[in-house]
Structure formats: structure tokens, C-alpha cells
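> can you look at this prediction? I've put the sequence above it.
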Amino acid sequence: MIDVVIIGAGPAGTAAAFDLLSQGFSVLLLDKYGFPRKKACAGGITPKARALFKYDISSIIQRECSSIKIWPNLGRAFLIQDEKPLCYMTQRWELDLFSLEMVQKKAGQFQVVKKIVSIEEKKNHLEIRTSDQLIKSRYLIGADGANSVVRRLTHPVCRVRRYPALEADIRVDCPELFPMEFDFSMPGKGYYWVFPKKNHLNIGIYSTTGQPALKQGQLVEYAQKRFGTDRLQAIKGYSIGVGGYSYCPGQGRVLLSGDAAGFGESLLGEGIYFALKSGQAAAQAIISSCDTGIFPGIAYAKEIKKIRTDLWLYHFSAKCLYSFPRVSLKLLSHPFFHGRFAKGYADGKTMAQILFCR
Ligand SMILES: Cc1cc2nc3c(=O)[nH]c(=O)nc-3n(C[C@H](O)[C@H](O)[C@H](O)COP(=O)(O)OP(=O)(O)OC[C@H]3O[C@@H](n4cnc5c(N)ncnc54)[C@H](O)[C@@H]3O)c2cc1C
């Protein structure tokens, strides 16, 4: 019997696997795709996210951005900057492949599965039936993203909202001359982004309503208006799971982490930090459950308390920003406010630490 099966080999799954393997647990990671695979994500890593990696990811960082250009819905653009980087640019397929290789180096097993058919909790173990095998494990971590099958099968009352985002790459001359940008001029509640990578720009749209659904045409129009091109490559959309401030782990042997638990933040849609943090928290909960005999869900609830508070603060900030964009962005354009945010972000602080000067 395997100690821990983890479904989903994104940041949440690999972070959990790495910590469990480091403590001598046997781990089987399942994913519906073989790696490398394309995952819809702009690959922006904030300093607080980078600090969570237990291995050095510098070889896959393509750029460090220490300034961000903000376009408000009305008025002139302004720059948020710090001496230290505010965001690190990676390519998501490369980050996930790199993390999976780190897990495999620690003797973590990886398998591609077509379908998770059922998950049954027995007295002392779990039975996970996939389309072609029956796997027995002591614990299960559901890290299978916003549309989680593990959540559907094991946490029927857990409600996760899904906010859509759409991204694409465009080729430009000298991408290194372009700043990182958030553009709030889009109609509706959301923004466009421009993330400069090594050989291209990654552009995208994030919406906090999902209504009406994001259309490729919107992104093409934006690329045309801003960069004079409609030649978008690798357009891909997916949802970000949000609302995890209300997630309560159950009493059983299954824990949800990352987007599967709604641990994306709703302000800007940052999810990698929370996926790593909650994946590590799930691993820690299982480790302490084995040491103390308490339910992993109880240990996990303690571990994710700060994550949930932080997510609630992002949710509140998103409500303010997208309900009153003119006032909020006017305030943010003042150096007193954006200087504080820039410093907090660059220092790797959480929202609670930035707002309450912790
Ligand atoms: C367009 C877009 C841009 C984004 N940009 C950023 C950004 O720049 N920075 C940032 O911090 N966040 C960003 N996010 C959010 C971020 O991508 C997610 O929050 C993050 O990937 C969540 O990590 P996770 O490990 O929980 O899930 P995921 O990364 O979604 O990984 C889930 C894994 O589970 C696998 N899986 C799914 N279903 C099954 C199944 N049934 N069986 C087996 N395996 C399954 C998937 O193949 C995948 O590998 C973006 C999201 C989108 C959609």
C-alpha cells in the first residue's frame, strides 16, 4: 500500500510530494497528462511564492521584473517599483516539468491516468479506482486544479468559484524592452496583463465574473490595439479556483489543496503561491497525523488558517477594486500606497502582513 496518492502534478501536488518524500513517505503522483504539458498560466512567480520552493528554480527564471506598469480604467498609467524584483517570469510547462523531476529524483512515482472513477474511504485506507487499476493508499491529496474530480467525488458540499482567465503568446522585437503590465481598462470586472518573457510577451485576460464568458476575440482585439498584431500563439484558457477562505477539511483521509480547494486569490488571480503553500500544509498535516494520531483534516485546518485569512483579505480587496475601480486605482496611484505594496510584494509578504504591517 502507498502512503500518499496525490492526484494532480501542478505546484500543489509536487510541493506536497516533495515534502512527504523528504520525510520518508512513499508517494504516487497521478496526472491526466504526461509531462511536459501546456497548462494555461502566465507563469508569474511572486517573491513570496519563490521563497516556498525547496529547490533552486533560478535556472528556469526568464526575467526578473522590479517594476509594474498599471493602466487604470481612466487617467494616466503609473509605475509601481522597488529595488528588488516584484515578480519572476517563468514558463509554466517548464516550471511544472522541473518540479516533477525534483520529485522523481526523490524517488516519487508518477503515472498518467485517463480517469479517476471512484474514491472509497475504508476504515484504515482509501481505494482509488482509475479507468485501469485499483490503487490503495493511506491518504489522498486532491491537487487536481479548479475543476477537481477529487473535490466532486469526496467533498460534495465544498463550493469553489471558478474565475476564467485566457492567455496567449505574441512575438515582438526586443521583448526585454517591455515592462510587466496590468491594464484595468477592460470593460467588466477584471484586467489584461502583459508579462515579458525571454523571447516573447505573454498576454492575457482575467475576469472576476466570468459573465459573459471570455472570448478569444477580446484578446486578439487587445493585441491588435496594443501591439499591432493579431498573430496570437498558443491561446489557452482555464479557470482559477477561488473562494477557499471557506474551505473546511473533512474528517477523512482526503485533503484538497491548491485550486482544487479554491485557494487562488480573487484580486489578481495569483494561485501558484497558495498552491505551494497549501500543498506543503497538506503534507505537514499528514506527517503530524501519523505522529500524533489526530485526523489529518484537523491538523490541516490548523495549517491553512493563515492561508484562509489571507484569501479573505484578497477577496475583500477584489470587491473594493472591481466595485470601485476609479477610486481604488486613484488611491493606488499615490506613491504612499503603491510604495507600500511594492515593498511588501518585493519582501515576499502576504496580504495580511502588508495591510497590517506585520
Ligand atoms: C490563464 C491563467 C494565467 C495564470 N497566471 C498565473 C500567474 O502568472 N501566477 C500565478 O501565481 N498564478 C497564475 N494562475 C493561477 C495558477 O495557474 C493556478 O492557481 C495554479 O496552477 C494552481 O495550482 P494547482 O497545483 O492547484 O493546480 P493546477 O496547476 O491546475 O494543476 C492541476 C493538475 O492536475 C491535473 N489534473 C486535472 N484533473 C485531473 C484528473 N481528473 N486526473 C488527474 N489529473 C488531473 C492537471 O493536468 C494538472 O497538472 C493563472 C491561471 C490561469 C488560468
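In hand now; what should we look at? Numbers count the residues shown, from 1 in each chain.
> for whichever residue of the stretch 251-358 of the chain sits closest to the ligand, give me its contacts.
Closest to the ligand within the stretch 251-358 of the chain is G271: 1.6 Å, counting by CB to the nearest ligand atom. For the C-beta atoms, the positions are set from N, CA and C on the backbone; glycine is no exception. G271 sits next to P11, C41, I240, G241, G258, D259, F263, G264, E265 when contact means CB atoms under 8 Å, 6 or more residues apart in numbering.
> from these, pick the one nearest C158.
Nearest to C158 among these: G241, at 10.3 Å, using CB to CB.
> confirm the closest one sits in a strand?
Yes. Checked against DSSP: H, G, I helix; E, B strand; the rest coil, G241 lies within a strand.
> ok, it - how many residues close by?
Residues lying near G241 (other CB atoms under 10 Å) number 27.
> swap in L97?
Neighbours of L97 (other CB under 10 Å): 16.
> so it sits against P36, correct?
Yes. Under the criterion of CB atoms under 8 Å, L97 makes contact with P36 at 4.4 Å.
> got a list of what the residue lying closest to V160 once chain neighbours are set aside touches?
Among residues not flanking V160 along the chain, G262 sits closest, at 3.7 Å (CB to CB, 6 or more residues apart in numbering). Residues near G262 by CB under 8 Å, 6+ apart: C158, R159, V160, R161, G241, V242, G243, G244, Y245, S246, Y247, L311.
> so does the strand or helix carrying L100 get close to the ligand?
Element membership of L100, judged by DSSP states H and E, is helix 92-105. No. Judged by CB under 6 Å from any ligand atom, helix 92-105 and the ligand are separated, with a smallest distance of 6.7 Å.
> wait, is N147 part of a helix?
No. Assessed with three-state DSSP, N147 is coil; it does not lie in a helix.
> tell me how far S26 lies from V5.
Going from S26 to V5 by CB to CB, to the nearest Å gives 10 Å.
> pull out the buried positions in the helix holding L100.
The neighbour-count check on helix 92-105 (16 or more other CB atoms under 10 Å) flags R92, W93, E94, L95, D96, L97, F98, S99, L100, M102, V103, Q104 as buried.
> repeat for stretch 37-55
Neighbour-count burial for stretch 37-55 [16+ other CB under 10 Å]: 39-50, 52-53.
> sorry, back to before: quick check: chain neighbours aside, which residue is closest to the residue of the stretch 251-358 of the chain closest to the ligand?
Per CB to CB, 6+ apart, closest to G271 is G264, 3.7 Å.
> any idea how far the one you found lies from P196?
Taking CB to CB, one finds G264 at 23 Å from P196.
> is the residue nearest to G271 in contact with Y245, as I believe?
No. Under the criterion of CB under 8 Å, G264 makes no contact with Y245, lying 11.1 Å away.
> so which of these two has more stuff around it?
Taking neighbours as other CB under 10 Å, G264 and Y245 compare with G264 leading, 31 against 20.
> show me the beta-bridge partners of that one.
V242 (DSSP bridges).
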